[in-house]
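Q: sequence and predicted model, in that order:
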Amino acid sequence: MGPYDSAISTGSTTSSPSSAAKPSEIDGLLAGAGYKVRSTELHQVAQRLERLETVMVNAPSEISQLASDVLHCNPSDIASWVDSMLFEFNPPVSIPSDLSDFSDLTYIDSVVSPAINQTVCNNSWVEHHTPQQQQQELTHQLTVVTAMEEDSGIRLVHMMMTCAESVQRGDLPMAGSLIEEMQALLTRVNTGCGIGKVARYFIDALNRRVFTPQAPCATGWSNENEILYHHFYEACPYLKFAHFTANQAILEAFDGHDCVHVVDFNLMHGLQWPALIQALALRPGGPPLLRLTGIGPPSPDGRDSLREIGLRLAELARSVNVRFAFRGVAASRLEDVKPWMLQVSPKEAVAINSIMQLHRLLGSGPTRVSAIETVLGWIRSLNPKIVTVVEQEANHNQSEFLDRFTEALYYYSTMFDSLEACSLQPEKAVAEIYIQKEICNVLCCEGSARVERHEPLAKWRNRLGAAGFRPLNLGSNAFKQASMLLTLFSAEGYCVEEHDGCLTLGWHSRPLIAASAWQPLLDTVINHNNLL
Amino acid sequence: MVQLLCRSKFQRGMGHEEKEKKPRFFINDNTDILMEILKRLDGRSLGVAACVCRLWRSVTWNDSLWEHLCFRHVSPPPPGVRPVVVALGGYRRLYMMCLRPVLSRLGQMKRGLGGSGGGDSDLVGRVWTRDSVQLSLSLFCVDYYERLDGRLGDASTSSLMFLCKPVNV
């Protein structure tokens, strides 16, 4: 590590600031090693130590002697020593004589960040470098060792976590400065793939949250969203898995019924239904009369897009000789739909299909009746034969921002990882935009604007169980079909697993999407014979 | 077999100076026998056969040949499939767009587990399970639906494109 090894070797191993400690306490770990650093300043000290290391590694030889010749006046005050070293590397800066008092210091302009005008203002002093000085530093930085790039990815992750934690604490200036540093660091990392790409999106989301919190970021339904959805459908198997698994379950539930009615909570382009229509056409005993009710947002430009999709599906159904009727219900939010709009007839077998829609109902204000309970209530009142629910297998609905951030980072890195294997352009690039919108909604929005409130399968089980539904096993046919579907995709990292009758699709043993089927428990004792 | 037939036609064209006592058999005069022979071929050979001449092309393009190919090893073929498949674009398209890539991809996975290498001829010997045929039909149907209206994304976007890409992990 260099000539300063003995001096700060202990200090530099402290990379996880114990920010949860009482603010005025000296950190215990470092105190044991003989250094006095306040717990609240630990992350700043760690930051500066990292910067010092960078500068010293890259410094021209004549300056690096400073490291060995330096006089360490107060060995326990490591924070001020680091600062003094940092200022040594940048002599023209005027510094106050008293460096040991950090109580009003929240940020020191870094000598390492190239060519960024620090505009972060707070109530303490901030140093602004003139462009010439920054140019000087830049030439020092040009000798950056490429080995640093490997560390840069890990460093980015650490910085993102620190930034998220600052956001959670409400320390927005700190977060802002971290964001600017990270954006600088991004230039040295390959953002085309791997951790660099994920970091780019997450830093962008943090940027939005800190600097433009009022900007709209809701992933509402819209025309543009349909295109993004379609490309996401093409680029990776998650939606195909969802559609095929749900269709298989619905097909089995409809066995023996001649009048069937499917309610789709989010029609989009209706890509799920051709396969069901074809399967119904070929089922032994002939096809039933199929009614499809598609719910979707009202189209902004006056086109009745729901009706157009319905016409196309009707044409398909006509070519394969399936009696078909379509009805579109335009609603901007799922909780605005009332059961009478669906016009369910008591004679028909009903299937409710929700592909990644139920989590949108989980946001609740203090005055609103819980939307999810309302919707689950009227679903139950329709007495469907089956309710197919597909949801993201992630815990993005936690109230603490840091927990949400961490969880989202792991989830979406896995998802981006799986997307690497896709070779279809432009589908892959547009699919990334689709995922990016989700990320932004999870991280940047709050309250009713945050609709991407993903919850894991276990929580959905509890919720649906409490609402009066019992789980149905998806069956071996669905599993076989899902496995076969996955072998068709060129990447070999996908895995289908079965958990208590539900299927999950994941990437390298991390489940990313979960499909399950449900049926309402009847209050009365009367049971139909053909229930699955 | 195909080469044999080609050669017999070639010889017929070249054999003017030879005095033939008995009538030479010319396959192009007996398209029903040609059909019977072609029914037993695999997909790649059918494609080759279609390149021989115009007559052969029209015979080979007969959808019933491809129906026979699709369901040869799935016994019995499910009833009522034919009108559905014909409506969605025909058996030849089903084979070329869906069945062939599905089966070759599934075959590659099996081969990866320690089988022997081979070309298209392996497909003939492979057991085509009902499940893989069902899946192919479903994918075929989605493809038909997407082609119904070009406004669904651009014309190049097809949900079957992922099948055409080679395994590149």
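A: That came through fine.
Q: what helices or strands is the lengthiest helix in chain A leaning on?
A: For chain A, the longest helix by residue count, based on DSSP state H, is helix A:147-169. In terms of contacts (3 or more Cβ pairs under 8 Å, 6 or more residues apart in numbering or on different chains; DSSP states H and E), helix A:147-169 is packed against helix A:42-58, helix A:172-186, helix A:194-211, helix A:401-420. For glycine as for every other residue, the C-beta is placed from the backbone atoms N, C-alpha and C.
Q: check which helices and strands the first one sits against.
A: Using 3+ Cβ pairs under 8 Å, 6+ apart as the contact test, the elements touching helix A:42-58 are helix A:5-12, helix A:78-88, helix A:131-141, helix A:147-169.
Q: so how far is chain B from A:Asn207?
A: 31 Å (Cβ to the nearest Cβ, to the nearest Å).
Q: burial check on that residue, number of neighbours?
A: A:Asn207: 18 surrounding residues under other Cβ atoms under 10 Å in any protein chain shown.
Q: point out where chain B drops to low pLDDT.
A: Low-confidence segments of chain B, defined by pLDDT under 70: B:1-21, B:73-78, B:109-128, B:149-169.
Q: hey, where'd the helices end up in it?
A: B:2-14, B:31-38, B:43-49, B:54-60, B:63-71, B:81-88, B:91-93, B:100-112, B:121-125, B:130-148, B:161-164.
Q: A:Phe405 and A:Tyr412 touch, don't they?
A: No - checked against Cβ atoms under 8 Å, the pair A:Phe405 and A:Tyr412 is beyond contact range at 10.7 Å.
Q: and for these two, which residues touch both?
A: A:Phe202 (Cβ atoms under 8 Å, 6 or more residues apart in numbering or on different chains).
Q: buried ones in the longest helix of chain A, by neighbour count?
A: Using 16 or more other Cβ atoms under 10 Å in any protein chain shown as the test for burial, helix A:147-169 gives A:148, A:152-153, A:155-160, A:162-168.
Q: so what angle separates the directions of that helix and helix A:401-420?
A: 140 degrees (axes from the mean of the first three to the mean of the last three Cα atoms, to 10 degrees).
Q: who's in contact with helix A:147-169?
A: A:15, A:17, A:19, A:43, A:50, A:54, A:57, A:172, A:174-175, A:178-179, A:181-182, A:185-186, A:188-190, A:194-196, A:199, A:202-203, A:206, A:209-210, A:400-402, A:405-406, A:409.
Q: which one of the helices and strands packed on helix A:42-58 has the lowest average pLDDT?
A: Comparing mean pLDDT across the helices and strands packed on helix A:42-58, the lowest value falls on helix A:5-12: a mean of 39.
Q: now the element after it, going C-ward?
A: helix A:28-33 (DSSP states H and E).
Q: average model confidence for that following helix?
A: 74.
Q: in it, what counts as buried?
A: Neighbour-count burial for helix A:28-33 [16+ other Cβ under 10 Å]: A:Leu29, A:Leu30.
Q: with stretch A:375-382 instead?
A: A:Val375, A:Leu376, A:Ile379, A:Arg380, A:Leu382.
Q: same check on stretch A:335-354?
A: A:Glu335, A:Val337, A:Leu342, A:Val344, A:Glu348, A:Ala349, A:Val350, A:Ala351, A:Ile352, A:Asn353, A:Ser354.
Q: so which of these sits lowest on pLDDT?
A: For the buried residues of stretch A:335-354, the pLDDT minimum is A:Glu335, 86.
Q: how about it, secondary structure?
A: helix (DSSP: H, G, I helix; E, B strand; the rest coil).
Q: go ahead and confirm it touches A:Thr374.
A: Yes - between A:Glu335 and A:Thr374 a contact is recorded at 6.0 Å, counting by Cβ under 8 Å.
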